[in-house]
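1. dropping a prediction and its sequence here:
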Amino acid sequence: MADDVKNTLIERIKSSSYYSIQLDETTDVADLANLMVYVRYEHDGAAQEDFLFCQPLETRTTNGLEWKKCVGVCTDGARAMTGRHSGVAARIKEVAPEMRWTHCSIHREALAVKKMPDGLKFVLDSAVKSVNFIKARPMQSRLFQVLCDEMGSEHVQLLLHTEVRWLSRGKVLSRLFELHREVQVFLQDKNVPLSDMFDNTVWLSQLAYLYLATGDSYRTIAFSYRVGHATVAVIVREVAGAIWTALVEETMPAPANSGSLYFNYKSTHSLVLLAVVDTQYLFRVVDVGGFGRSSDGGSLREFCIWREAQRWQSAATT
């Protein structure tokens with residue numbers, strides 16, 4: 001059955017006019033490096049996304065795909081992937097000149113977090129220490145579970161953060177924010193100095209800022225707190241506004257020596273974010289980092305998909 005599914009997927013990709021791939025290396029519990037590949041292709045007039053394979057690459061492997069149809073590759077910024085002469089992107093571009101390489105947005109987010117302001121870095125570090133104090137010891141974890149049961153909490157366990165699995169950071173902060181009262185009581189009972197942080201309103205607001213920055217849907221929040229979607233929308237808007245007012249000068253200062261590049265018509269400093277979504281409201285193309293002074297039209301002309309659309313239009317007319 002597995003071979004049949006794989007062969008069907010490969011045949012669909014072969015019949016597609018174009019396709020793009022996203023790939024990265026991951027390490028399993030046996031410390032064996034594996035290559036994971038996702039593919040996006042055209043099928044029945046719509047874009048489809050599927051998991052292509054995950055396997056150790058001890059030797060060469062083939063799948064029968066035509067690389068000249070590859071129009072996009074998304075990877076991290078490692079030299080093996082992006083090297084000008086022998087990187088994966090360069091090798092594919094030799095066969096498919098129209099291919100475009102994209103730096104994975106999640107990797108870029110992880111890199112950006114490493115350079116976060118000192119205030120937010122302190123909040124993140126102290127939050128991780130609080131969680132690890134409970135989760136790193138089985139006895140502490142069991143006692144905390146009993147405490148959560150007695151307080152009628154929806155969750156009874158925190159999530160352990162590890163620097164290797166940096167995608168876990170968002171889930172760890174979300175769970176900590178939901179259980180911050182229980183964590184404070186537990187740390188106070190153990191006479192841990194970290195408990196004082198949970199009485200600091202500035203620290204809590206910064207923790208809320210990091211929590212909201214991890215992203216979540218209104219549907220999930222509404223289900224978790226048993227409230228309506230409209231109520232969640234109002235609460236998120238008010239909380240985000242309050243956090244912005246309190247932290248904007250600290251967390252989003254104007255870039256040094258930038259002049260008026262980021263100064264917009266609203267008399268504030270900003271970056272331009274442009275995105276394209278499909279009919280299912282899924283993000284297909286995202287561009288972040290344009291100068292705030294640029295107009296919508298000027299930003300669109302610098303958008304990668306605009307240049308591609310102009311090129312396709314020119315090719316169609318000729």
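-> Everything's here; your move. Residues are numbered from 1 along each chain as shown.
2. how about the strands in the stretch 201-318 of the chain?
-> Using DSSP state E, counting those that start in this stretch, the strands found in the stretch 201-318 of the chain span residues 271-277, 283-291.
3. now the last one and strand 271-277, what's the angle there?
-> Going back to what we said before, that points to strand 283-291. Relative orientation of strand 283-291 versus strand 271-277 (axes from the mean of the first three to the mean of the last three C-alpha atoms, to 10 degrees): 160 degrees.
4. and the contacts of strand 283-291?
-> By C-beta atoms under 8 Å, 6 or more residues apart in numbering, the surrounding residues in contact with strand 283-291 are 47, 105, 261-262, 271-278, 299, 302-305. For glycine as for every other residue, the C-beta is placed from the backbone atoms N, C-alpha and C.
5. could you list the paired strands of it along with their orientation?
-> Strand 283-291 has its sheet partners listed here by DSSP bridges as strand 271-277 (antiparallel).
6. buried ones in the strand it pairs with?
-> Under the neighbour-count criterion of 16 or more other C-beta atoms under 10 Å, strand 271-277 has 272, 274 buried.
7. same deal with stretch 5-21?
-> By 16+ other C-beta under 10 Å, the buried positions in stretch 5-21 come out as 9-10, 12-13, 16, 18-21.
8. now residue 124: closest residue in space, sequence neighbours ignored.
-> Residue nearest to residue 124 in three dimensions, not counting chain neighbours: residue 210, with 6.3 Å by C-beta to C-beta, 6 or more residues apart in numbering.
9. ok, the one you found touching residue 122?
-> No: applying C-beta atoms under 8 Å as the test, residue 210 and residue 122 come out as separate, 11.2 Å apart.
10. more neighbours: which of those two?
-> residue 210 (20 against 14; other C-beta atoms under 10 Å).
11. contact partners for the more buried one?
-> Residue 210 is in contact with 120, 123-124, 127, 173, counting by C-beta under 8 Å, 6+ apart.
12. TSV for those, including neighbour count?
-> Below are the contacts of residue 210 laid out as TSV (neighbours: other C-beta atoms under 10 Å):
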residue	neighbour count
120	18
123	24
124	19
127	25
173	25
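13. which one of these is nearest to residue 194?
-> When those are compared for distance to residue 194 (C-beta to C-beta), residue 127 wins out at 9.0 Å.
14. next, the contact list for that closest one, please.
-> 172-173, 176, 207, 210.
15. try 7 Å this time
-> For residue 127, the contacting residues are 173, 176, 207, taking C-beta atoms under 7 Å, 6 or more residues apart in numbering as the criterion.
16. from residue 149, how far out is it?
-> The gap separating residue 127 from residue 149 is 23 Å, by C-beta to C-beta, to the nearest Å.
17. helices or strands up against the helix or strand encompassing residue 73?
-> Residue 73 belongs to strand 70-75 when assigned by DSSP states H and E. The criterion is 3 or more C-beta pairs under 7 Å, 6 or more residues apart in numbering; DSSP states H and E, and the helices and strands that strand 70-75 contacts are strand 19-27, helix 88-95, strand 100-103.
18. in the following helix or strand past it, what's buried?
-> Per DSSP H and E, strand 70-75 leads on to helix 79-82 as the next helix or strand towards the C-terminus. For helix 79-82, a neighbour-count test (16+ other C-beta under 10 Å) marks 81-82 as buried.
19. so for the strand holding residue 73, mean pLDDT?
-> When pLDDT is averaged over strand 70-75, the result is 86.
20. residue contacts, the residue lying closest to residue 208 once chain neighbours are set aside?
-> Counting by C-beta to C-beta, 6+ apart, residue 208 lies nearest to residue 243, which is 6.1 Å off, once chain neighbours are set aside. For residue 243, the set of contacting residues under the criterion of C-beta under 7 Å, 6+ apart consists of 205, 208-209.
21. pick out whichever of those sits closest to residue 145.
-> Distance to residue 145, by C-beta to C-beta, is smallest for residue 208 among those, at 24.6 Å.
22. give me every residue that touches that closest one.
-> Contact analysis of residue 208 by C-beta under 7 Å, 6+ apart lists 177, 239, 243.
23. mind putting these into JSON lines with pLDDT?
-> Compiled in JSON lines, those are given as follows (pLDDT from 0 to 100):
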{"residue": "177", "pLDDT": "82"}
{"residue": "239", "pLDDT": "81"}
{"residue": "243", "pLDDT": "76"}
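24. can I get the residues you listed in CSV including distance to residue 284?
-> Formatted as CSV, the contacts of residue 208 follow (distance: C-beta to C-beta, whole Å):
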residue, distance to residue 284
177, 31
239, 29
243, 29
